[in-house]
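In: predicted model follows, preceded by the sequence.
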Amino acid sequence: MGMFVWLALVVARFWVCIYPSQLTGYIHPDQFFQVTEPLAGDILGLDHFRTWDWNATSPGPIRNVFFPYITSGVGFFALKTMAASGLTTINSYTLQAFPRLAMAAASLAVDYGVYVMAKTLNQNVWNCLTVLASSYVTLVFNTRTFSNVYECGVFALLLALIVVSRQDQLKPVQKQEEKKDEKVDKEGDGDGKKKKKQGAKVDKKQPASKSPPKKKPSSDAFIGFWLGVFMVEGTFSRPSFPAFFLIPLVFWLTGKETNLDGKAIATIFKNIFLIMPGAIIMLIICIFMDSVYYGTLDPSILDQPQLLLENLNAEFLFNNLTITPWNFIKYNINHANLAAQGIHPRITHFLVNFPMLFLPIFVCLVMEIHAVYKARSQNRLTGFAASTSRAFLLLTFLTPVMLLSFIPHQEARFIIPIIIPLVLLYADFIMMTNSSFPNPPWIMFNLLGCIVFGQLHQGGLVGSIDHLRGMALQPVKDNPISYHYVFFHTYMPPRHLFNLEDKILPAHANLEDEKYKHILDKNENIVTVHDLMGAGRLDMHHVVEELLSDRRTPTPESYGKEIFLISPSSLDPIFCRMNVKYNFKLKAKFGPHLSMEDPPEWFPSYSCVVEPERSYNRMGFRSKLDAMFSIFVYQVEIVRMFPPETDPVKLKELKEKNQKARERLGNVDSQKS
């Protein structure tokens, strides 16, 4: 039964990648800008926006291209091929679904790693896999295009290799004690004969259990090679990866040695030597791919090996090779760069991110720590204090969390890989007794996580982009229109989801530049995206005024202009005020949408001056609830202070007429008197 529950959850993992309502959740800008945004430009030729981490500007690009291309890249190539064959179309839905399906497939590496480790450690395999597959971290985070998903998969495979190769050292102490007791029983009377017979049966079926065979020399070499491959590729995908493999690697390098003597040092150096071939090969592959991709190395030099050898010096390596992890380190040692990303308290991972991702497991951990402390006071061993494997897994998840806590920028997705040791530690605590299903608290917690992060969180943004794209693609009637889309207090809008080719101009584009000439010559509608992020209200008004006056982005000749502003509904009171120069008219709304930075006010009752029908105090309960969890699209409309006929010239004439009318009235009054 357990296998069928896990299979159903795997189907659900792929289902959330293709079910439209599950595509709305927008967890973090890196969900798009780490992988799919640049690859959509490279593979599909769509207009896109490259963030600093994909640009060759100082400190240099920090994104490795190996995993993005073999996962999301494969998804985009499949989409391109199917679209060319007429089997599907390229739109915002398929632009999200295909890469996510590839990521869901890649996430199965985590399931495989957990399966191997659970089987090796004599744990209930299907309990572990069910807890893993039912976590919202797997269903939501691991189906998004984050580099953390690559890190998680590589960590699972690396950890599985180490557990398999060192399984004799990871057997729980309790199991060994049971074997000793069994041996004593065999020497006794009565039941001894029966147990001896049972032992003989076991020996018949499993002759290897009595004296395990010696490992072949090639076994350690094979494991060492792949450990080197995974260590390097994991580090290139996420330079924080060494924090995760530190404890497992030390455990593997030392082998069975417990004292730091000459023999232990020899074992460590021997194992390091075994790691080197795989590490060097993968290092060369990653550096070569990145250097070619970012244009610092000409791949044609491989056709001239003699020239390559002649120029193979420090200067050549420094100027022509792109080493993305080194660029990552250079960027992050600058505190100002981290401050721009956000500074968090050092305890954020332990007290906020860990419970947010795995609250029921967090409770189990606290309870086990309390039990170990209580047993220690009574001179007893229990929990991870009595088991080598539990102690190893505890260190495997605590150490990276501690090390990453020294970095002041802390996001929940940075510690996603700890789900692997946590599942192995606490799956039996999460599963119901004599059942193939997790307990109700675990189910409720993860359903809530799927709803919040899979659907609600910034969920209306993608729908609004679809709507704005439709406006830009409207046929030109009299004159083409220059559309300005201002995003205010939203996450960064992924440009590739607009699904436009040669229609998006930068915010401060020089229209006389030759590179924009081919866009304007088409005489089609054009789009400019202005991302204000979390700017203040006055900054937003300043940008709108600049757009109205052409100071920010000039409008091409013969083009009309329309300005739209996209903002969460929680900020609607700002746009309900009557302004002197312009007003914001609500044109569309999309949901469900929840902004954690600007949470909705519960059932507000303010009045809207610009559009009275938009007032909350006029809405019913259902309409209020819908409006609270939406993102609004406003159109900026210029306010006409005077009727059209009262322009300055006509106003002067009107004043003269009024003056003459007053004089005539004065004459009439004097005559009456």
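Out: Arrived safely, thanks for sending.
In: first-to-last residue distance for stretch 293-309?
Out: 22 Å (Cα to Cα, to the nearest Å).
In: what does that stretch rub up against?
Out: Stretch 293-309 is contacted from outside by 56, 60-61, 65, 288, 291-292, 319-322, using Cβ atoms under 8 Å, 6 or more residues apart in numbering. C-beta coordinates here come from the backbone N, C-alpha and C atoms, glycine included.
In: in the one helix or strand A40 maps to, what counts as buried?
Out: A40 is part of helix 36-44, with elements assigned from DSSP states H and E. For helix 36-44, a neighbour-count test (16 or more other Cβ atoms under 10 Å) marks 36-41, 43-44 as buried.
In: and the helices in the stretch 1-150 of the chain?
Out: 2-18, 30-33, 36-44, 66-70, 72-84, 92-120, 125-134, 136-139, 147-165 (DSSP state H, counting those that start in this stretch).
In: save those as a markdown table, and put in mean pLDDT and distance to F406 too.
Out: Formatted as a markdown table, the helices of the stretch 1-150 of the chain follow (pLDDT from 0 to 100; distance: least, Cβ to Cβ, whole Å):
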| stretch | mean pLDDT | distance to F406 |
| --- | --- | --- |
| helix 2-18 | 93 | 33 |
| helix 30-33 | 93 | 21 |
| helix 36-44 | 94 | 30 |
| helix 66-70 | 93 | 26 |
| helix 72-84 | 94 | 31 |
| helix 92-120 | 94 | 26 |
| helix 125-134 | 95 | 28 |
| helix 136-139 | 96 | 23 |
| helix 147-165 | 94 | 18 |
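In: in JSON lines, list the ones you listed along with distance to N439.
Out: JSON lines is the format used below for those (distance: least, Cβ to Cβ, whole Å):
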{"stretch": "helix 2-18", "distance to N439": "14"}
{"stretch": "helix 30-33", "distance to N439": "30"}
{"stretch": "helix 36-44", "distance to N439": "36"}
{"stretch": "helix 66-70", "distance to N439": "35"}
{"stretch": "helix 72-84", "distance to N439": "35"}
{"stretch": "helix 92-120", "distance to N439": "19"}
{"stretch": "helix 125-134", "distance to N439": "10"}
{"stretch": "helix 136-139", "distance to N439": "15"}
{"stretch": "helix 147-165", "distance to N439": "24"}
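In: which one, of the ones you listed, ends up nearest to A509?
Out: Set against A509 and scored by Cβ to Cβ, the helices of the stretch 1-150 of the chain come closest in helix 36-44, at 17.2 Å.
In: now do the closest one: distance to the chain's middle.
Out: 17 Å (Cα atoms, centre = their mean, to the nearest Å).
In: identify all contacting residues around that helix.
Out: 46-51, 54, 63, 68-69, 72-73, 76-77, 79-80, 90, 95-96, 99, 145, 494-496.
In: and stretch 254-263, by the same measure?
Out: Contacts of stretch 254-263 (Cβ under 8 Å, 6+ apart): 166, 168-169, 264, 267-268, 271.
In: how about a cut-off of 10 Å?
Out: 165-166, 168-169, 220, 264-268, 270-271 (Cβ atoms under 10 Å, 6 or more residues apart in numbering).
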